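Visitor: any chance you can model this:
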Amino acid sequence: MFRLAVCAEMVFQDLPIDERARRLHDEGFQVEIWDWTRHDLDALARTPAEFSSMTGYIRGDLTDPDGVAELLRTARLSIDAADRLGCPRLNLHGTGLDGEGLPVVPVKGEPTQEMWAAARDTLGRLAELGENAQVTFTLENLNTAVDHPGVPFARAADTLALVAAVGRPGLRMNLDLYHAQIGEGNLIELVRRAHHQGLIGEIQVADVPGRCEPGTGEINYPAVARALADLGYDGTVAMEAWASTDSDSALGRFRAAFTV
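Guide: Residues are numbered from 1 along each chain as shown. All right, here's what the predicted structure looks like:
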């Protein structure tokens, strides 16, 4: 029913990243990576792995003129990197994140109307870049309570509104249910709303609390999977989660939760 992917950054951490990709491929999963500049792309390209998503920029943000210019510049570099791996989706956030997941330029309070307008314009330009290169940029919702305080446009409602406002096929939503559970909850209704609008590029999952694999926390992922199946969703569901014990067990629990 679903195409299952796993973030290679978070499992089999005793192995080099290309060996993690091979291992995930052998287990039947697509592969996701984060900052591609930290990896040997040639080594990854030599693996048989099917890459599902990677970070779509290096630096920059959606609203500040200098940040926008840097975001667009590094997005073009990311398109070239994605082409080397045959990766169809490039992931975005409201602003650049540092190594701890904190915003490089934090925002206090709610984004202004001017920031919303600038973000919509920037995302439209990114969507055009993606369409020309035949890749899809995905805007990911984040949580600000635990992992990413100060990131603008973080809530699922924010990312959904921006993607809908742009209204171009080169931009979709990376609907992260771990972040959405912390920030908003009501996950099945959120999935239904995003799906009915045709705005989901992919879905990412981890459990709450702890950001480990499905089955380790409070989210009823089998119920989410059934809702997705009822909707006819046949896209990618990616586990972006730490293994609570060993990686093989985490993969098994993920697969079981999304086998409908």
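
Visitor: now the strands for this protein?
Guide: Using DSSP state E, the strands of the chain run over 3-7, 30-32, 51-55, 89-92, 136-140, 171-176, 200-205, 236-239.

Visitor: what's the closest of those strands to Met115?
Guide: For the strands of the chain, the distance to Met115 is smallest for strand 136-140, at 14.5 Å, taking C-beta to C-beta. Glycine gets a C-beta too; all of them are placed from N, C-alpha and C.

Visitor: also compute the angle for the closest one relative to strand 171-176, please.
Guide: Taking axes from the mean of the first three to the mean of the last three C-alpha atoms, to 10 degrees, one finds strand 136-140 and strand 171-176 inclined to each other by 40 degrees.

Visitor: just the CA trace of strand 136-140, in PDB.
Guide: Taking Å, rounded to 0.1, in the frame of the first residue of the first chain, the C-alpha atoms of strand 136-140 are listed here in PDB:
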ATOM      1  CA  THR A 136       9.600  18.300  -5.800                       C
ATOM      2  CA  PHE A 137      10.500  20.600  -2.900                       C
ATOM      3  CA  THR A 138       8.700  19.600   0.300                       C
ATOM      4  CA  LEU A 139       8.100  22.000   3.200                       C
ATOM      5  CA  GLU A 140       8.300  20.200   6.500                       C
END
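
Visitor: going forward, the N-terminal residue is numbered 138.
Guide: With the count now opening at 138, the last piece we talked about shows up as strand 273-277.

Visitor: quick one on the thing from earlier: turn the strands of the chain into a markdown table, including distance to Thr249, mean neighbour count and mean pLDDT.
Guide: Listed next are these as a markdown table, based on distance: least, C-beta to C-beta, whole Å; neighbours: other C-beta atoms under 10 Å; pLDDT from 0 to 100:
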| stretch | distance to Thr249 | mean neighbour count | mean pLDDT |
| --- | --- | --- | --- |
| strand 140-144 | 33 | 22 | 98 |
| strand 167-169 | 33 | 25 | 98 |
| strand 188-192 | 27 | 24 | 98 |
| strand 226-229 | 20 | 24 | 98 |
| strand 273-277 | 19 | 26 | 98 |
| strand 308-313 | 22 | 26 | 98 |
| strand 337-342 | 27 | 24 | 98 |
| strand 373-376 | 33 | 26 | 98 |
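
Visitor: output those in CSV; the columns should cover distance to Met252.
Guide: Listed next are the strands of the chain as CSV, based on distance: least, C-beta to C-beta, whole Å:
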stretch, distance to Met252
strand 140-144, 29
strand 167-169, 29
strand 188-192, 22
strand 226-229, 15
strand 273-277, 15
strand 308-313, 17
strand 337-342, 23
strand 373-376, 29
